[in-house]
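Peer 1: pasting the structure only:
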Ligand SMILES: Nc1ncnc2c1ncn2[C@@H]1O[C@H](COP(=O)(O)OP(=O)(O)OP(=O)(O)O)[C@@H](O)[C@H]1O
């Protein structure tokens, strides 16, 4: 008999009105105080706060009263994430009576410790979306004595758990530690001796090898290789979205815009493995982390994740978002300059832009790019496990990204041991793409064969921001100045960012050509909007000019980021000045020339 323990977070339930806020005589400033409502798991919790409270202190109060640690909290008000911890509640325009949605970023991984009767103890990670049968498989893989899954019984609080029970479901009802008991039944044999029987209890034979069939199934895909108009051809809510096929209860196909484009082998393999998993009845498992719907797709044996699917209609603020975030009323996404339902295109674009190109601007090598964005493709997929309350037959469009084995993210350890060149490569990617969502949780950690730390950048749905203002003036004039408002780069606070780029990285930056990249994306299916293309041109220009002058990633990154929400960044000032200097209707080329001169001047000032 073995036992396994699962540790879960206990949720406290203390009032969110601190004593000094309740009593004006204790120094509480009546004028500044407002009531806000914290929306969490279907309930509304009133909170009295000061407009001068920082986001950090608000999160600390939530941590103290509710037990959710600060780094796991995401607060969203009026469709915008309150991302900067040093900014004040009033900076984000939070008013009396506003609702703040609290999204919890729980880890997908649950640590399970198994103790055997012989005193052995081993620990493994199980994704919360997994079920009891998966736990049994893991125990069988680790311990030779448990290879026969049918002989394992998993018991919790005296209740025998069915194979289909999910880990997060089991944990939900337990406050602190959950003990699993794995009971291995023995066979009873009766051997005739003279006129009697000798009964013996025999433990099953130990097998050295696993019985799993690791062989790959014949591919049986039914791709329609006809071209689509563009990646964005299927907008959220559009009627032409294809319906469920009749012969299978799922669908999975790549979205191919240009029939002349051949999918790379790594993308074909990823789609095939994902298809095999669905075909074998291995369901997509929704991640408990993140603000949007992200599904881990399993291999045909249900032992490994092969990819991550993010449907566009489940992005934050989209119609089918599974985190109960309100639907965007104006199409603007969670970050400034982003649009709901466009995250998947950006995920794919980040992968393509990261790939190496030869001198003719053609992609070479089809696996690992410069910064290591995992292979990503646009797909159509249908499955009943997706969040689709109204219509289970609607095929979803979204990004499919190769699942990368990892031991966590950069949030889990200090940055001291991160290799300098990898931090620098991610900084190049983020500056180029003006990424507005580079927090430490979006860089996964792994180790290579030599034990060296590997940093894997993920989650690029919020790169290449563009103006999405509904203000007609801003819209018509293509005013870009505020696109960069939400740029934040975690690596700015890491020591590696203060070191200079190596010559290899500088050569790579020199080779970048925004026009070629825009043309390549168009050829592959994404015809960038003029505003988005402008963002890309401006940030590529800044990267190239900065690197040419020997600026560090920190120096260049700081130009793109605001120090706080109220003060414009240097890039915003540069763009504003350029926009003020040209007449409406000026060509893009002339605008960029003006911008280039202004940028040179500002960079020279920084150097001095
Ligand atoms: N390629 C990948 N390989 C392995 N795990 C991944 C991959 N992509 C995403 N994940 C994991 O899936 C979960 C959700 O993904 P992600 O953070 O990208 O979703 P999101 O909703 O966009 O998140 P956020 O709220 O940070 O913007 C996270 O636990 C993340 O670590």
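Peer 2: Arrived safely. Quick caveat, the model's predicted, so the values are computed rather than measured.
Peer 1: drop to CA atoms for contacts and neighbour counts, all remaining ones
Peer 2: OK.
Peer 1: what's the offset of stretch 421-428 from the middle of its chain?
Peer 2: Taking CA atoms, centre = their mean, to the nearest Å, one finds stretch 421-428 lying 19 Å from the centre of the chain it belongs to.
Peer 1: Which residues outside it are in contact with it?
Peer 2: 370-371, 454-455, 457, 489, 491, 496-497, 501-502, 505, 509, 543, 553, 557 (CA atoms under 8 Å, 6 or more residues apart in numbering).
Peer 1: average pLDDT for it?
Peer 2: For stretch 421-428, the mean per-residue pLDDT is 98.
Peer 1: One more: stretch 302-312?
Peer 2: The pLDDT scores in stretch 302-312 average 95.
Peer 1: likewise stretch 515-528?
Peer 2: 91.
Peer 1: repeat for stretch 341-351
Peer 2: 94.
Peer 1: likewise stretch 493-501?
Peer 2: Mean per-residue pLDDT for stretch 493-501: 97.
Peer 1: Tell me which residues of that stretch come out buried.
Peer 2: Neighbour-count burial for stretch 493-501 flags 494, 496, 497, 498, 500, 501 (criterion: 16 or more other CA atoms under 10 Å).
Peer 1: tell me the domain ranges of the chain?
Peer 2: For the chain, the TED database gives the domain ranges 33-104, 108-182, 250-403, 414-607.
Peer 1: now the closest residue to residue 129 other than its chain neighbours: how far from the ligand?
Peer 2: Nearest residue to residue 129 in three dimensions, chain neighbours excluded: residue 285, at 5.7 Å (CA to CA, 6 or more residues apart in numbering). In this view, residue 285 and the ligand are 10 Å apart by CA to the nearest ligand atom, to the nearest Å.
Peer 1: which residues pair with residue 285 across the strands?
Peer 2: Legend: beta-bridge partners of residue 285 under DSSP bridges are residue 296.
Peer 1: Give the next helix or strand downstream of the host helix or strand of residue 542.
Peer 2: Using DSSP states H and E, residue 542 sits in helix 530-548. The helix or strand immediately downstream of helix 530-548 is helix 553-560, counting by DSSP H and E.
Peer 1: ok and that following helix relative to helix 530-548, angle-wise?
Peer 2: Interaxial angle, helix 553-560 versus helix 530-548 (axes from the mean of the first three to the mean of the last three CA atoms, to 10 degrees): 150 degrees.
Peer 1: all numbers from here: first residue = 58
Peer 2: Sure, I'll start numbering at 58, so the last one becomes helix 610-617.
Peer 1: Could you identify the helix or strand that succeeds helix 610-617?
Peer 2: Criterion used, DSSP H and E; the element after helix 610-617 is helix 627-638.
Peer 1: For the following helix or strand past that next one, list every residue counted as buried.
Peer 2: Later in the chain than helix 627-638, the nearest helix or strand by DSSP H and E is helix 645-664. Residues 648, 649, 651, 652, 653, 655, 656, 659, 660 are the ones in helix 645-664 that count as buried (16+ other CA under 10 Å).
Peer 1: and if you look at stretch 455-468?
Peer 2: By 16+ other CA under 10 Å, the buried positions in stretch 455-468 come out as 455, 456, 457, 458, 459, 460, 461, 465, 466, 467, 468.
Peer 1: Mind checking which of those land in strands?
Peer 2: Among the buried residues of stretch 455-468, the ones falling in strands (DSSP state E) are 455, 456, 457, 458, 459, 465, 466.
Peer 1: Lowest pLDDT pick from those residues?
Peer 2: Among those, residue 465 has the lowest pLDDT, at 89.
Peer 1: The helix or strand where residue 512 lies and the ligand, any residue contact?
Peer 2: Counting by DSSP H and E, the element that carries residue 512 is strand 510-514. No: shown here: strand 510-514 not in contact with the ligand (CA under 6 Å from any ligand atom), separated by at least 8.4 Å.
Peer 1: what separates that strand from the chain centre, distance-wise?
Peer 2: 14 Å.
Peer 1: so can I have a markdown table of the buried residues of helix 645-664 showing pLDDT and distance to the ligand?
Peer 2: A markdown table is the format used below for those (pLDDT from 0 to 100; distance: CA to the nearest ligand atom, whole Å):
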| residue | pLDDT | distance to the ligand |
| --- | --- | --- |
| 648 | 94 | 33 |
| 649 | 96 | 31 |
| 651 | 97 | 35 |
| 652 | 96 | 31 |
| 653 | 98 | 32 |
| 655 | 97 | 34 |
| 656 | 97 | 31 |
| 659 | 95 | 33 |
| 660 | 95 | 32 |
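Peer 1: can these go into CSV with extra columns for distance to residue 507?
Peer 2: Putting those into CSV (distance: CA to CA, whole Å) gives the following:
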residue, distance to residue 507
648, 49
649, 45
651, 49
652, 46
653, 44
655, 46
656, 43
659, 43
660, 40
